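S.K.: Build me a structure from this.
(2 chains)
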Amino acid sequence: MGFFKNLLKRYREPLKFKLPESGPTLTAVSGGMGTTELLIRLEMVLNDIKSKKPIIDHAYELAGFSHNLQSRLLSDLSDISETSYEHGYEFLTVSAAAISSMEQTQYDKWVYDIKSLLADGYDDKASELISKHPSYIEAPHIVNLNTISEKLEKLIYSIYEKDIPILVANEVAKQSSELSTINTAYTDGFQIYLPAKISYFDNYEDNFKLFKIQMFHLLEQIQSINPNIINALGDGIKNHGKHYLKLFGDIETLRVDQTIKDNFPGVWRDIDAINNKTDTPHLIGTFSNDALNTIEDSLRLTTKYINNPPALPELIYQPVFIPELTREAMKDGKASPLNEEKDENAIEEAIADINNTNNEFRQETNLTDQMLYDDDEQVKEQDSDKQQNIEDVSSANQELEKPKAINKFYYKEWDTSLKKYRKDWCQVEEVVSDNLIENKQIETSPHLKHIESRIKKTLDLLVNEQKSMRFQSDGDDIDIDAWVDARSNRSKNADDYQNLYIRNNKSTRNVAIMFAVDISGSTRGWKNTAIKESTSVLCKTLARLEDQYAVYAFSGSGRNNCQIYPIKSFTESNNNKIQSRIFSMQPQQYTRMGAAIRHLGTVLSKTSAKTRILFVLTDGKPDDVDSYRGQYAIEDTRRALNEAKALQLNPFVLTFDKEGMDYLPHMLGSNRYQLISDVSQLPVQISTIYKHLTS
Amino acid sequence: MTTEKMNTETTIINSENYITEEPYYLATGDEIEVFNSALAEKIPVLLKGPTGCGKTRFMEYMSWYNKLPLITVSCHDDLTTSDLVGRYLIQNDTTIWQDGPLTTAVRNGCICYLDEVVEARKDTTVVIHPLCDDRRILPLEKRGEILKAAPDFFLTISYNPGYQSAVKDLKPSTRQRFLSIDFSYPPEDAETRIVHEETALPTEMAQRLVKLASMTRNLVGNGLEEGASTRLLVHTAKLINRGFDPKIACRYGIADVLSDDSETLGLLHDMIETLF
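M.R.: Next up, the predicted model:
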């Protein structure tokens, strides 16, 4: 009873938490969760701690935020609480203030750092970082791998036409290899592992160069490594100890430097600059009397000099050579992606040899199983976590009424953190609602009729463009009437006697357009009305153009519950039933945009029209339960839109979101989106854009 | 009302349609032999390949090689049948017939090269069908005349499969009347030689340009619609020869030409930084 009394009291009190007057950077449109829902969600996330700490105050604070911000905070809170409930609670106490005062990128880095510290076991430092959020500003010279990995991966692809994922270096590998933070770059022959961030130099450019140089070294390692080398290294370590591997790494670095100098002069220039900055003389000529061209040469020289090693400084960009990782990765018979053309038989034999000596080698190098995690396993673990999360949310949403599903489809989803598609990850259902409103309830206001006539005028311009054009300066045929006029004009000494032709502008319009309408919960109210009116008027007016058009609405909750509501298919023509469906559209739940775009793109791609347009009408960023928000959601939507482009569909997004400029250029590229500030202008705006897109 | 004047066919006398100087062309396969055989057998030729890979240069070379005049028509989506075949014009109160470029080529025994033919409307391209089989005729509907092609007339069309879409595709009935020569970008060695020969850029620098081009071509579909063409390399090499820093030249000549997207541009600049 005390809880409910307290709750009611809170409702009656004025808002305690106030947003700063300058206006928070991260706030968005209203329409967020209420205090009760927030309280339930916070209790679910914080689990054990809820009985010991008061969380109602914080639920009250968060209630002032938009749905997007609330979702983001809950997601971050959930991630932190997975490691430590105490830290989760500490995060909650400052989260509202932090998200209001920080820039988006700064906030993201702050949360990322908290998570990283917790993952590394630095609980005290994480607490300190949480409490000191007002003074948190990450120095601009620090380069985070997560901000550049995609760019580096594309660079690799541009050179080798192969996908080599770049991942954050495993902490266990760092500790076992007893290396500083910078020198934790390594590879398993299939993927590249780089430090989470580099801050060695006091400027961003040099730290970025360091990442790039490490990547090129590891690429060369991937390209040259083979099972014979791994076996030979195993023998060398057995006979001479671990310093054999160290000397081999030093010599191999010099060899790779030479290769880079020959093949990538720009990267060599960077290496040279970095060495100068660190006062490290580059020693490329050290083995000038010996051939040092291949990895076999490095091995030969290692054996030659193992008892009398030359003085070689450790270079700042020098990656770690961990043959054990490659040995494990090659166990199943795969060749390195950049090494596939080598003799398969030789590789198979060597791999068999590897498998025989595997255990022995592992003991020798003192590596633990922990550092050899399987990427797929990682995915599975995260999948099961997400699944759990979804089930929790699903049970919380059981009360929501489910319309009748008519078809189910499965679509992949892009996980930007793993840089992989999750196969068949989203279940999309096409559902028809039985609760259609009756036609007599559909009001046709004078205001709408006025809009309708305006749209007709806009679209008539398109119709007229299709007709034969007379009085042209050139064309397919002579326009006899024009000629008669011209003769008459000429006799009067008028100028107008040049345009004598008819140009047959035969109907080249062959357009199919798919209107994908977001009916998530945040469109409640006037937005929903505007959307319905626009859709209704468009359906009435588009018929005169003989273009193919379809209208589908989308919403959903969770990856297993992405719902598509067919309003008008390409084969149907506008009628009362369609109008009834349009005016029955009600705001639903969330916006899992990637799945909706994939599904509606597939529907649209089946049409045979010459020009195909996927027109998305939305009010905000993609956002769903089960962590489909923020960067993850934007990247997945971006992928989905790119897939649509690859199908020769032309995606276009019209949004009400005032913050759209923050993410739309990245998501769509230029000229493929438009922001609309005055929703009452939506119907007219759509028709103008439609004309622009299709003519 | 009008008196038709019938003698206005265009005749090539001593025209600019002849290529008098040998254009530089480096054969990368047996395309010259295939073209000459097709010419001898009067089988029209279809050249496929990305933009700037040397299709038009090849046609100039073959025109020079065979000493046949070349009429090139750059097709576009407003190109009508009349634009190709010809039309009546009005002159001094009477109509006169004006041959289009295709009719001129048919009448005078030229090589007619329809560049980027898929850009033209589908109903327009159908007009070439009777010219492409053993009939070798061009019906001039408006004149009620059937024009038989001169013995040396030869038809070549080109298109870029990279642009292939529902909008821009060649009809199978058109496609199947041709021999097809596939022009992809030349191998790296040959392309280096082409850049070097065309611009006198030192071979080592030409090699780096070619490597950059091949990196951009690997990004097609991953942010880029099309990779850097040999033509772009030649432009860039000319800038370098004029004293521009190679990185700056690549930026103006390649990166900024290929994309407007800031992210893709950033990547292209990184690629340039890697090689120069």
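
S.K.: Going by proximity to chain A, name the top residue of the stretch 151-276 of chain B.
M.R.: B:Met215 (4.0 Å; Cβ to the nearest Cβ). In short, each C-beta sits where N, CA and C put it, glycine included.

S.K.: Surely that residue touches B:Ile272?
M.R.: No: using Cβ atoms under 8 Å, B:Met215 is not in contact with B:Ile272; the gap is 9.4 Å.

S.K.: ranges for the helices of the stretch 151-276 of chain B?
M.R.: Ranges of helices within the stretch 151-276 of chain B are B:172-175, B:188-199, B:203-218, B:230-241, B:246-250, B:256-258, B:262-275, based on DSSP state H, counting those that start in this stretch.

S.K.: how about JSON lines for those, with mean neighbour count and mean pLDDT added?
M.R.: Shown next, in JSON lines, are the helices of the stretch 151-276 of chain B (neighbours: other Cβ atoms under 10 Å in any protein chain shown; pLDDT from 0 to 100):
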{"stretch": "helix B:172-175", "mean neighbour count": "13", "mean pLDDT": "83"}
{"stretch": "helix B:188-199", "mean neighbour count": "18", "mean pLDDT": "94"}
{"stretch": "helix B:203-218", "mean neighbour count": "21", "mean pLDDT": "93"}
{"stretch": "helix B:230-241", "mean neighbour count": "21", "mean pLDDT": "95"}
{"stretch": "helix B:246-250", "mean neighbour count": "21", "mean pLDDT": "95"}
{"stretch": "helix B:256-258", "mean neighbour count": "16", "mean pLDDT": "92"}
{"stretch": "helix B:262-275", "mean neighbour count": "19", "mean pLDDT": "89"}
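
S.K.: A:Leu62 is nearest to which of those helices?
M.R.: Nearest to A:Leu62 among the helices of the stretch 151-276 of chain B is helix B:262-275 (33.3 Å), distances taken as Cβ to Cβ.

S.K.: Kindly export that closest one (C-alpha atoms) in PDB.
M.R.: Extracted C-alpha coordinates of helix B:262-275, given in PDB (Å, rounded to 0.1, in the frame of the first residue of the first chain):
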ATOM      1  CA  SER B 262      31.000  12.400 -47.300                       C
ATOM      2  CA  GLU B 263      31.600   9.000 -45.800                       C
ATOM      3  CA  THR B 264      32.600   7.500 -49.200                       C
ATOM      4  CA  LEU B 265      34.700  10.500 -50.000                       C
ATOM      5  CA  GLY B 266      36.500  10.000 -46.600                       C
ATOM      6  CA  LEU B 267      37.200   6.400 -47.600                       C
ATOM      7  CA  LEU B 268      38.500   7.400 -51.000                       C
ATOM      8  CA  HIS B 269      40.800  10.000 -49.500                       C
ATOM      9  CA  ASP B 270      42.100   7.300 -47.100                       C
ATOM     10  CA  MET B 271      42.800   5.100 -50.100                       C
ATOM     11  CA  ILE B 272      44.700   7.900 -51.800                       C
ATOM     12  CA  GLU B 273      46.700   8.500 -48.500                       C
ATOM     13  CA  THR B 274      47.500   4.800 -48.500                       C
ATOM     14  CA  LEU B 275      49.100   4.900 -52.000                       C
END
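
S.K.: about what we covered before: which residues touch the residue of the stretch 151-276 of chain B closest to chain A?
M.R.: A:Ser158, A:Ile159, B:Met271, B:Leu275 (Cβ atoms under 8 Å, 6 or more residues apart in numbering or on different chains).

S.K.: just these now: which is nearest B:Glu145?
M.R.: Taking Cβ to Cβ as the measure, B:Glu145 lies nearest A:Ser158 of the contacts of B:Met215, at 55.5 Å.

S.K.: Can you convert the contacts of B:Met215 into TSV and add a column each for distance to A:Pro566?
M.R.: Below are the contacts of B:Met215 laid out as TSV (distance: Cβ to Cβ, whole Å):
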residue	distance to A:Pro566
A:Ser158	41
A:Ile159	46
B:Met271	45
B:Leu275	51
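
S.K.: Kindly report the domain assignment for chain A.
M.R.: Domain segmentation of chain A under automatic domain parsing yields A:2-135, A:143-330+A:337-367, A:439-460+A:510-694, A:468-503.

S.K.: Just give me the lowest mean pLDDT stretch among those.
M.R.: With a mean of 70, domain A:2-135 has the lowest mean pLDDT of these.

S.K.: and the residue nearest to A:Gly521 when sequence neighbours are not counted, how many neighbours?
M.R.: Distance criterion Cβ to Cβ, 6 or more residues apart in numbering or on different chains; nearest residue to A:Gly521, sequence neighbours excluded, is A:Pro587 at 5.1 Å. Residues lying near A:Pro587 (other Cβ atoms under 10 Å in any protein chain shown) number 18.

S.K.: show me what contacts the residue in the stretch 251-400 of chain A positioned nearest to chain B?
M.R.: Going by Cβ to the nearest Cβ, chain B is nearest to A:Gly266 of the stretch 251-400 of chain A, at 4.5 Å. When contacts are counted by Cβ under 8 Å, 6+ apart, A:Gly266 touches B:Ile272, B:Glu273, B:Thr274, B:Leu275, B:Phe276.

S.K.: out of those, which touch chain A?
M.R.: Among those, the ones lying near chain A by Cβ under 8 Å from any Cβ of the partner chain are B:Ile272, B:Glu273, B:Thr274, B:Leu275, B:Phe276.
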